[in-house]
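Participant: A predicted structure for the sequence below; I have some questions about it.
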Amino acid sequence: MQTYIGTIRTTGKGLGFVRVEDERFDGDLFIEQGELQTALPGDTVEVIPHPKKKGEENQTAEVVRVVERARTQFVGRVERQDGFAFVIPDNTKIYTDFLVVKEDAKDLVDGQKVLVELFKWTNQEKDPLVKIVEVLGTKGDHEVEIRSILLERGIDTHFPPDVVREAEAIHADWYANTDEHIAKGIAAGRRDFRDTLTITIDPASAKDFDDAISLKKTDDDKYELAVHIADVSYYVRPGTKIDAEAAERGFSTYLVDRTIPMLPHQLSTDICSLNPNVDRFAFSCVFTIDASGKVYSSDFTRSVIHSDRRFTYEDAQDSIDNDGDYAEELRFLNELAKVLRRKRFKKGAVDFDTDEFYFELDDKGYPIAIHKKERLDTHKLVEEFMLLANKAAARFTDDSIPFVYRVHDVPDPEKLEQLKQYLSALKIPFDVDVANVTPKDLKRLFAAIEGTATESLIKTAAIRSMAKAVYSTGNIGHFGLGFQHYTHFTSPIRRYADLIVHRIIGATIAGTTLSKEENALYDKMMASLTEKEITIAQAERESISYKQTEYMQGKIGEVLQGVITGVTKWGLYVQDQETGAEGLLPVRVLADDYYELDEKRYRLLGQRSGKTYTLGDAITVKVATVDVERRQMDFTIPAN
């Protein structure tokens, strides 16, 4: 019988599926839990399809063997029972508990969080055996929970000793020979921008500075605008241990209370970072531009810069509003960014901005406040010039040279049809041809909902209907931005893809090409980087969810103003407008009537009264229970 190789994409307590990449079969094969044969999420497996029955919607299959484990280490909570120690996985998609081998189990106690290694599992009818790798501590402790989030996703907080030694050597060499490095660089063609006004604008909490902006008037109506990006490629070379580690990490990880950098701090926050009042190597995209936003030319050059001022977004906005430092230059940059933004949206770019929140933590890491981030002009200023540089980088080489693009495919028609139904329930028209949707269609939708209570909700729903932006060596354009060519060039301290782009552009400038081996490696690396990006985003969201529920634990009994973000037969999902925390209002607490789900209209309908609870409705709720461990919160209706 024909077998196929695929990847387990999800399991959980019910039906799982295998994504098969085989020209002989198109689609997914669905697998009942009892047919998984010890396979876990992410595992590569060999499967046999079952004969498809008449009228059966899903093609089912069974796992023949596990070809390769995606991972062998897991985080979970210890539960002792009848002298045995079990580990309940934090990952709810794992459908089995683990049994700890006897020699490791004796000192374990209930409630401990542990990191375990899969030791033996050959029979799905039996519990998998695991060994203890590390006892993390007691559940609920801030450090334990944050480490659990990271370890569960394979994100290492420490660098290997040989990588640290290599970073220390690079760091020491730079400071011992800075003048020599700079002199050699300029002699080799680095452009010297140290006499040109240069600034950075970043979050107040930023420790590393990837990008800087400089501005100089060239004649009566033109300006030289330069976007300077940290020249990480000067320090991190192919074939080194530090490069291999950066490639393995792929990205820096930003949790609510810390950053796990892609590069050791000797580089990420020091010699690579465009810190103020010191000379730094950069890779610069230099534009000749006028006040109307017309770009006359763009070019790339390695450079040496000297940042004159480190602005936070708030500092820069205050200078613009109140004649602070470099107010004239900042105002010009701000107006120029607004012009570029208007042009970009006129050409069809979509504004996907949604509400973001940040946490105020005490000295023990406990959240004492959650604030909605204010979107300032200075945020948009920096964003616009980074987009300009990324777009120019993607067009720098011709199509004959292998390149790394950031691509965003057109939306799936089926998902767009679901979005239309969703919007119809909210009484919002979205009359589009789902097979030929354009960014302008989404732009019109977002313009219609701007400033409404459901704006963030609808934007989130629209984003979920979109394809995901990914890394690729093949260019299909970027739907959301409306760009034919786009890449990531502006953050090589925290994204490995940007470092690759720097190397390709650097080789092109030098008149050389990358080896066939490097090109082949980069081609294979794109899918891996996209997967790593998803994993890191999950960790970042998990840390936010953890801190939101931890904060809401102190709000039990309080009344909140929310909006209905989901409607199911078991209840309503409600998002607190102040903190962004989401919880469930179970249908059982709606005691004034018997409510049934009206699926097509995304609402619960009272059978006697006709009262409705509809997606997008504002609603007043009271916090009833909070389960921090499961990141879950239940609401009730407050008494009148």
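Facilitator: Nice, thanks for sending it over. Numbering: from 1, shown residues only.

Participant: list the residues that contact the spatially closest residue to Val382 that is not a sequence neighbour.
Facilitator: Closest residue in space to Val382, ignoring its immediate chain neighbours: Ile201 at 5.2 Å, by Cβ to Cβ, 6 or more residues apart in numbering. To be clear about C-beta, it is placed using only N, CA and C from the backbone, and glycine gets the same treatment. For Ile201, the contacting residues are Ile213, Phe311, Thr312, Tyr313, Ala316, Thr378, Leu381, Val382, by Cβ atoms under 8 Å, 6 or more residues apart in numbering.

Participant: tell me the predicted confidence for the fifth one.
Facilitator: Looking at Ala316, its pLDDT stands at 98.

Participant: that one and Ala389, how far apart?
Facilitator: Distance, Ala316 to Ala389, using Cβ to Cβ, to the nearest Å: 18 Å.

Participant: returning to what we had before: now name the helix or strand holding the residue nearest to Val382.
Facilitator: Using DSSP states H and E, Ile201 sits within strand 198-202.

Participant: about what we covered before: now, which of the contacts of Ile201 lie within strands?
Facilitator: Per DSSP state E, strands hold the following members of the contacts of Ile201: Ile213, Phe311, Thr312.

Participant: and Met326, how many neighbours?
Facilitator: Met isn't right for residue 326; it's Tyr. 18 (other Cβ atoms under 10 Å).

Participant: list the contacts of it.
Facilitator: Taking Cβ under 8 Å, 6+ apart, we find Tyr326 in contact with Leu197, Ile199, Asp308, Arg309, Ser319.

Participant: just Lys569 next, same as before
Facilitator: Taking Cβ under 8 Å, 6+ apart, we find Lys569 in contact with Val587, Glu596, Leu597.

Participant: strands of the stretch 251-400 of the chain, start to end?
Facilitator: Using DSSP state E, counting those that start in this stretch, the strands of the stretch 251-400 of the chain run over residues 253-254, 259-260, 279-289, 295-306, 309-312, 357-361, 367-372.

Participant: nope, the stretch 51-200 of the chain is what I meant
Facilitator: With DSSP E, counting those that start in this stretch as the criterion, the stretch 51-200 of the chain has strands spanning 61-68, 73-81, 84-89, 98-100, 112-120, 129-138, 191-192, 198-202.

Participant: ok so, going back, which pair of the contacts of Ile201 spans the longest distance?
Facilitator: Maximum pairwise distance in the contacts of Ile201, criterion Cβ to Cβ, is 14.5 Å, between Ile213 and Thr312.

Participant: of these two, who's got more company?
Facilitator: Higher neighbour count among Ile213 and Thr312: Ile213, with 22 against 16, using other Cβ under 10 Å.

Participant: doesn't Asp202 make contact with that one?
Facilitator: No. Using Cβ atoms under 8 Å, Ile213 is not in contact with Asp202, being 11.3 Å away.

Participant: overlap in contacts of those two?
Facilitator: Val382.

Participant: find the centremost residue of this structure, please.
Facilitator: The geometric centre of the chain, computed from its C-alpha atoms, lies nearest to Ala537 (Cα atoms, centre = their mean), at 3.6 Å.

Participant: gap between that residue and Phe251?
Facilitator: 9 Å.

Participant: repeat for Phe300
Facilitator: 23 Å.

Participant: what does Leu99 give?
Facilitator: 35 Å.

Participant: one more: Thr354?
Facilitator: On the measure of Cβ to Cβ, Thr354 and Phe251 end up 21 Å apart.

Participant: so which of those two has more stuff around it?
Facilitator: Using other Cβ under 10 Å, the more surrounded residue of Thr354 and Phe251 is Phe251, with 22 against 14.

Participant: do I have it right that the more buried one meets Pro261?
Facilitator: No. When contacts are counted by Cβ under 8 Å, Phe251 is not listed as touching Pro261 (9.6 Å).

Participant: what sits in contact with each of these two?
Facilitator: Shared contacts of Phe251 and Pro261, defined by Cβ under 8 Å, 6+ apart, comprise Arg494.

Participant: follow-up on the earlier one: mind putting the strands of the stretch 51-200 of the chain in CSV, distance to Val437 included?
Facilitator: Below are the strands of the stretch 51-200 of the chain laid out as CSV (distance: least, Cβ to Cβ, whole Å):
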stretch, distance to Val437
strand 61-68, 33
strand 73-81, 41
strand 84-89, 40
strand 98-100, 46
strand 112-120, 44
strand 129-138, 47
strand 191-192, 43
strand 198-202, 35
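
Participant: next SSE after the one helix or strand in the chain whose mean pLDDT sits lowest?
Facilitator: Lowest mean confidence among the helices and strands of the chain (mean pLDDT, DSSP states H and E): strand 16-20, at a mean of 67. Note on strand 16-20: by DSSP H and E, the next helix or strand toward the C-terminus is strand 28-31.

Participant: select only the buried ones of the contacts of Lys569 in ChimeraX?
Facilitator: Buried members of the contacts of Lys569, defined by 16 or more other Cβ atoms under 10 Å, are picked up in ChimeraX with:
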select :587,597
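
Participant: find the nearest non-adjacent residue to Asn475, please.
Facilitator: Nearest-residue entry for Asn475: Tyr405, 4.7 Å, with adjacent residues in sequence omitted and distances by Cβ to Cβ, 6+ apart.

Participant: low-confidence ranges in this structure?
Facilitator: Residues of the chain meeting the criterion pLDDT under 70: 1, 11-23, 25-26.

Participant: got the domain boundaries for it?
Facilitator: The chain breaks down by automatic domain parsing into domains covering 4-68, 74-152, 161-344+373-398+483-539, 413-466, 555-636.

Participant: measure the residue nearest to Val382 to Arg603 for me?
Facilitator: Separation of Ile201 from Arg603 (Cβ to Cβ) stands at 45 Å.

Participant: repeat that for Leu255.
Facilitator: 37 Å.

Participant: cool, Ile289 as well?
Facilitator: According to Cβ to Cβ, Ile289 stands 51 Å off from Arg603.

Participant: again with Asp315
Facilitator: Distance, Asp315 to Arg603, by Cβ to Cβ: 47 Å.

Participant: one more: Gly239?
Facilitator: 60 Å.

Participant: okay, those two: which has more neighbours?
Facilitator: The residue with more neighbours, out of Gly239 and Arg603, is Arg603; 20 against 6, by other Cβ under 10 Å.

Participant: and the closest residue to the more buried one other than its chain neighbours, its phi and psi?
Facilitator: Distances taken as Cβ to Cβ, 6+ apart place Thr614 nearest to Arg603, at 4.0 Å, with adjacent residues excluded. The phi and psi values for Thr614, taken as degrees, to the nearest 10, are phi -120, psi 150.

Participant: just checking, Ser303 touches Ser284?
Facilitator: Yes. If you go by Cβ under 8 Å, Ser303 and Ser284 touch, sitting 4.3 Å apart.

Participant: which residues do those two both contact?
Facilitator: Both Ser303 and Ser284 are contacted by Arg191, Phe193, Ala226, His228, under the criterion Cβ under 8 Å, 6+ apart.
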